[in-house]
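Asker: Give me a 3D structure for the following:
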Amino acid sequence: MMMEKYKNLGKNKYGITSELLFNLYKEKGLSIEQCARYIGCSKRTVNYWIDKLRIKRRSRSESARICRVIENIPKGQPPWNKGLTKEDSRVAKYSKPNPNKSLPGFLNGMFGRTHSKEARRKQAVNKGRKFSFEIRKKHSITLQNIPFEKWDGFKSPKMTRIRQSSEYRKWRQAVFERDHFRCQQCPTKGVHLRAHHIKSFVEFPELRFDVNNGKTLCLTCHRKTETYGGRVFKDKKKKRI
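Answerer: Residues are numbered from 1 along each chain as shown. Predicted coordinates for the structure are as follows:
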């Protein structure tokens with residue numbers, strides 16, 4: 001397999017011998033790139049002849065030791081940023097905050113701290129709460145990272161927002177608990193379950209959160225239903241054509 005990778009490299013026109021490569025790569029400790037520069041060929045050619053001449057490659061620990069010797073770096077040297085604060089210009093350029101991502105480590109404002117009991121109580125109260133339009137609008141602007149004036153509506157489709165709502169999750173959980181977390185079509189156990197709408201989710205919006213309109217199915221049985229993946233609307237389009 002290795003020889004097939006390099007089979008089009010041609011003959012040994014650079015005069016590479018096992019003694020030359022062994023001297024450069026093993027004894028002098030040169031890298032593949034440095035060997036290629038010394039010989040006047042490509043790195044691919046050097047790799048080919050190292051494999052063909054069966055010269056044992058260096059391990060990572062051996063390469064690290066050679067680098068320390070060449071660059072005169074003592075073992076266990078402290079890192080370059082030891083003792084520097086995050087306000088230092090040398091560190092600040094590597095720690096630019098991302099507004100869409102929580103900051104890691106000491107760059108995060110909550111690093112080494114915990115929320116108070118009052119803050120945790122407020123978080124528990126807000127869990128599952130329906131926020132006002134203004135709050136959801138501000139949240140949308142923050143996630144899209146755009147100016148307030150350029151906001152042109154929520155990006156998530158209406159159906160996606162409904163399926164991700166707390167009301168839909170409660171309906172789904174109620175269907176699973178009623179059916180004892182078992183597929184009602186086949187006796188399979190321990191599989192990924194889906195809450196299936198007996199009457200179409202789109203065509204009957206008034207029955208979307210009706211527990212009697214739900215049915216627990218496994219993924220295989222769910223794919224066989226008439227309404228899976230908008231199959232009803234695709235069939236209607238075909239009939240129209």
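Asker: Tell me how this protein divides into domains.
Answerer: Under the assignment automatic domain parsing, the domains of the chain span 2-70, 158-240.
Asker: the helices in this structure, which residues?
Answerer: Under the criterion DSSP state H, the chain contains helices at 2-5, 18-21, 32-39, 43-52, 60-70, 89-92, 117-126, 133-144, 158-163, 166-178, 219-223, 231-240.
Asker: right, and these - which one's nearest residue 207?
Answerer: Ranking those by proximity to residue 207 (C-beta to C-beta) places helix 166-178 first, at 10.5 Å. From N, CA and C alone the C-beta is placed, and that goes for glycine too.
Asker: State the mean pLDDT of that closest one.
Answerer: On average, the pLDDT along helix 166-178 is 92.
Asker: packing partners for it?
Answerer: Helix 166-178 is packed against strand 193-197, strand 214-218, with contacts defined by 3 or more C-beta pairs under 8 Å, 6 or more residues apart in numbering; DSSP states H and E.
Asker: so what strands line up beside the first one?
Answerer: Spelled out, that is strand 193-197. As defined by DSSP bridges, the strand partners of strand 193-197 come to strand 214-218 (antiparallel).
Asker: what angle separates the strand it pairs with from helix 166-178?
Answerer: Interaxial angle of strand 214-218 relative to helix 166-178 (axes from the mean of the first three to the mean of the last three C-alpha atoms, to 10 degrees): 70 degrees.
Asker: Only the buried residues of strand 214-218, if you could.
Answerer: Within strand 214-218, the residues scored as buried using 16 or more other C-beta atoms under 10 Å are 214-218.
Asker: Export the helices and strands packed on helix 166-178 as a markdown table, with columns for distance to residue 185 and mean pLDDT.
Answerer: As requested, the helices and strands packed on helix 166-178 are exported to a markdown table (distance: least, C-beta to C-beta, whole Å; pLDDT from 0 to 100):
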| stretch | distance to residue 185 | mean pLDDT |
| --- | --- | --- |
| strand 193-197 | 9 | 90 |
| strand 214-218 | 6 | 91 |
